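A.B. asks: Using only what follows, build the 3D model:
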Amino acid sequence: MKDNHVEVQGLNINFKKINDKDYISLTDISKFVNVNDPSGVIRNWMSNKDSFAFYSLWEEINNPDFNSVEMRRIKIEEVGYNRFTMTPKRWKEDFNAIGIIPSAGKYSAGTFAHRDIAFEFASWLSPEFKLYLITEFQRLKIQEQKELEWNAKRELAKLNYHIHT
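C.D. replies: You can find the predicted model right below:
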């Protein structure tokens, strides 16, 4: 994407392409409710039983290498109990997940998630914020599509010019 962020209710939300799929920064989205500890917001969401069910199902549908055996074990033994904690790093490493991409450290870009998961996360924080995020994301995609069409028409005209001359 040429423009790798959108502004949603005063927050810059970063996007990036990973394997030709759109990923949205959960770290940026979580700053809507907690600027000082965005990773804590993500961890709380991932540790929620309903959230776990959503991103687990997303992985089962979209990731042929997903460790569903380990997911089912965790679902039975840990999920739903107060002691259950899930982090982006644990999710990626223990389950071979592709939907949530963690990044840690002082200079990291933060945690990114596939747009389906990111929209669900935004909904958990605030349905209003989710709607604004989707609207801005769609606006960006329409703009991106128009640029691609314009570039394609330009290249075609250039080729036709060479043929005619």
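A.B. asks: Return the per-residue confidence for S103.
C.D. replies: Note for S103: predicted pLDDT of 83.
A.B. asks: Apart from its chain neighbours, what residue comes closest to it?
C.D. replies: A109 (5.5 Å; C-beta to C-beta, 6 or more residues apart in numbering). To be clear about C-beta, it is placed using only N, CA and C from the backbone, and glycine gets the same treatment.
A.B. asks: cool, T27 as well?
C.D. replies: Excluding its sequence neighbours, the residue lying closest to T27 (C-beta to C-beta, 6+ apart) is G110, at 2.8 Å.
A.B. asks: element containing E60, please.
C.D. replies: For E60, the element it lies in under DSSP states H and E is helix 49-62.
A.B. asks: Following the chain past that helix, name the next helix or strand.
C.D. replies: Next along the chain after helix 49-62, taking DSSP H and E as the criterion, comes helix 68-77.
A.B. asks: Please find the angle between the direction vectors of that next one and helix 49-62.
C.D. replies: 160 degrees (axes from the mean of the first three to the mean of the last three C-alpha atoms, to 10 degrees).
A.B. asks: for the residue nearest the centre of the chain, phi and psi?
C.D. replies: Central residue of the chain (C-alpha atoms, centre = their mean): A113, 2.5 Å from the mean position. Here is the backbone geometry of A113 (degrees, to the nearest 10): phi -140, psi 150.
A.B. asks: Pretty sure it sits against T27.
C.D. replies: No. At 9.9 Å, A113 does not count as touching T27 under the criterion of C-beta atoms under 8 Å.
A.B. asks: model confidence over the helix or strand where I29 lies, on average?
C.D. replies: In the assignment (DSSP H and E), I29 maps to helix 26-30. Here helix 26-30 scores 94 as its mean pLDDT.
A.B. asks: list the buried ones in the next helix or strand after it?
C.D. replies: Downstream of helix 26-30, the next assigned helix or strand under DSSP H and E is helix 38-46. Neighbour-count burial for helix 38-46, counted by 16 or more other C-beta atoms under 10 Å, picks out P38, S39, V41, I42, R43, N44, W45, M46.
A.B. asks: which residues are contacting helix 38-46?
C.D. replies: By C-beta atoms under 8 Å, 6 or more residues apart in numbering, the residues outside helix 38-46 that reach it are 26-28, 30-31, 33-34, 51-52, 55, 85-88, 91, 100, 110-111, 121, 124-125.
A.B. asks: let's go with 10 Å and repeat that
C.D. replies: 25-34, 37, 51-52, 54-55, 84-88, 90-91, 100, 102, 104, 110-111, 113, 120-121, 124-125 (C-beta atoms under 10 Å, 6 or more residues apart in numbering).
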